[in-house]
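Novice: build the 3D model from these lines:
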Amino acid sequence: MDYTSRNILVMCILTFIEVMTFISSIDISFKKYHHDFRLEGYKCVPNETIFEIDNVDPVECGRLCYLNSICAKIFYQPNSHKCIGCGHQLSPTDNYETLPGSMSYTSEYETDCKHILESRRAVPNGLYEIGLWMSKKIITVFCDMNTEGGGWTVFHRRIDGTTDFYRNFSEYENGFGSPNGEFWLGLKYIQEIASQGTTEIRLEMTRENGEEGFETYKDFKLVNGADYTLFVQRHTASAPTDTEQTLHTNILSEAFSFASTAGWPFSTYDRDKDSDERRNYAVEHHGAWWYAVGSGVNLNGKYCRPGTRCNDGVSGLTGHYHFGFAKDESLKSSRMLIRRV
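Specialist: The predicted structure is shown next:
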């Protein structure tokens with residue numbers, strides 16, 4: 001295929017995709033693609049391949065990817081008319097298989113899990129790559145697409161104590177752990193994702209006996225630059241009172257809620273920002289949090305045996321707890337999630 005013909009083909013595919021994007025706007029769904037010259041001559045590896053079809057024209061190839069909710073990239077080989085749809089936006093550092101003569105088209109990165117839900121319609125829970133809206137950095141996040149309508153970006157998860165959360169400030173700023181297991185996304189990423197617009201936050205806690213509780217706030221952000229000062233407004237709290245775990249409002253204690261330390265910077269053992277110059281509450285609570293005079297919530301504290309009281313015998317409570325939900329009982333699991341309103 002000569003250079004002129006190749007350019008015509010590229011324009012045809014891109015024009016089709018733009019037309020489909022316009023038509024789909026009546027469903028409030030948008031997806032844009034661009035020609036990725038860096039990946040010409042390759043195709044995605046088998047475990048990222050959504051479909052691979054021979055004898056397909058380029059317009060049909062674009063349509064197949066557009067209509068597939070988890071297709072984010074296509075590779076098209078003009079000579080053999082082979083169309084390959086891939087499951088996420090592979091970067092040039094990923095592993096590929098060669099496909100001589102192929103062309104690559106990539107959807108633009110969504111900026112959070114709500115954006116993914118809006119642009120791809122029905123999508124499952126799982127790992128996705130997003131492009132942060134200001135820094136343009138590409139990161140992998142875990143998206144909850146089921147809870148309360150979905151579109152939640154999960155930034156904290158604890159389930160079994162396999163990941164140590166007693167970390168320094170740099171680690172809390174940049175993130176640690178595995179999004180498929182226990183992890184903290186990173187303060188700088190949480191701050192940027194939440195800065196796109198009004199953002200709600202949800203805290204979920206589970207006790208050893210299986211009871212669940214949650215808190216939600218309709219306006220969450222981290223302000224004052226690298227201090228990552230907590231700002232939240234409008235509180236709703238719930239906890240179960242029966243075996244069916246029906247949720248009832250206003251069970252959680254306001255005095256020991258997440259919002260009780262709003263207005264305070266984030267503290268770690270090596271960066272003390274709490275209200276008491278004589279004490280370091282991150283050290284005393286064996287955690288990292290928005291401490292004022294301590295905190296009734298310590299979801300980044302030491303993971304102790306669920307259902308027990310975790311106390312070092314010197315400073316008091318050091319565990320993974322939410323006092324407003326389960327008093328000083330060590331929790332079994334917790335999550336923190338954010339979503340644009």
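
Novice: can you give me how far stretch 258-269 is from the chain middle?
Specialist: 21 Å (Cα atoms, centre = their mean, to the nearest Å).

Novice: and it, how far apart are its ends?
Specialist: Distances were taken as Cα to Cα, to the nearest Å; on that basis the terminal residues of stretch 258-269 are 20 Å apart.

Novice: and the contacts of it?
Specialist: Contacts to stretch 258-269, defined as Cβ atoms under 8 Å, 6 or more residues apart in numbering, come from residues 166-169, 172, 187, 201, 203, 215, 217, 222, 224, 227-232, 235, 254, 273-275, 280-283, 288-292, 295-297. No exception for glycine: its C-beta is placed from N, CA and C like everyone else's.

Novice: wait, residue 177 touches residue 183, no?
Specialist: Yes: taking contacts as Cβ atoms under 8 Å, residue 177 lies within contact range of residue 183: 3.1 Å.

Novice: hey, what's in contact with both of those two?
Specialist: Contact with both residue 177 and residue 183 is made by residues 157, 163, according to Cβ under 8 Å, 6+ apart.

Novice: okay, now the domains of the chain?
Specialist: When the chain is parsed with automatic domain parsing, its domains come out as 3-107, 113-340.

Novice: quick revisit: in helices only, show me the contacts of stretch 258-269.
Specialist: Counting by DSSP state H, the part of the contacts of stretch 258-269 found in helices is 169, 172, 187, 281, 282, 283.

Novice: identify the bridge partners of residue 201.
Specialist: Using DSSP bridges, the beta-bridge partners of residue 201 come out as residue 217, residue 338.

Novice: roughly how far apart are it and residue 230?
Specialist: Distance check for residue 201 against residue 230: by Cβ to Cβ, to the nearest Å, it reads 10 Å.

Novice: go on, residue 285?
Specialist: 16 Å.

Novice: likewise for residue 56?
Specialist: Summarising the geometry, the distance separating residue 56 from residue 230, computed by Cβ to Cβ, is 52 Å.

Novice: of residue 285 and residue 230, who's got more company?
Specialist: Each of residue 285 and residue 230 has its neighbours counted (other Cβ atoms under 10 Å); residue 285 has more, 28 against 22.

Novice: just to check, that one is in contact with residue 299?
Specialist: No: Residue 285 lies out of contact with residue 299 (Cβ under 8 Å); the separation is 10.8 Å.

Novice: coming back round to it: closest to residue 49 out of the ones in helices among the contacts of stretch 258-269?
Specialist: For residue 49, the nearest member of these is residue 187. The distance, counting by Cβ to Cβ, is 35.8 Å.

Novice: the closest one against residue 229, yeah?
Specialist: No: under the contact definition of Cβ under 8 Å, residue 187 does not touch residue 229, with a separation of 10.8 Å.

Novice: please say which of the two ends up with more neighbours.
Specialist: For residue 187 versus residue 229, the count of surrounding residues by other Cβ under 10 Å is larger for residue 187: 21 against 18.

Novice: dump the residue contacts of that one.
Specialist: Contact criterion Cβ under 8 Å, 6+ apart gives 172, 173, 222, 228, 266 as the residues in contact with residue 187.

Novice: count of neighbours near the last one?
Specialist: Just to be clear, that refers to residue 266. The number of residues packed near residue 266 is 24, by other Cβ under 10 Å.

Novice: per-residue pLDDT, it?
Specialist: pLDDT, residue 266: 98.

Novice: turn the ones in helices among the contacts of stretch 258-269 into JSON lines, including distance to residue 114.
Specialist: Conversion of the ones in helices among the contacts of stretch 258-269 to JSON lines gives the following (distance: Cβ to Cβ, whole Å):
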{"residue": "169", "distance to residue 114": "28"}
{"residue": "172", "distance to residue 114": "24"}
{"residue": "187", "distance to residue 114": "20"}
{"residue": "281", "distance to residue 114": "33"}
{"residue": "282", "distance to residue 114": "31"}
{"residue": "283", "distance to residue 114": "36"}
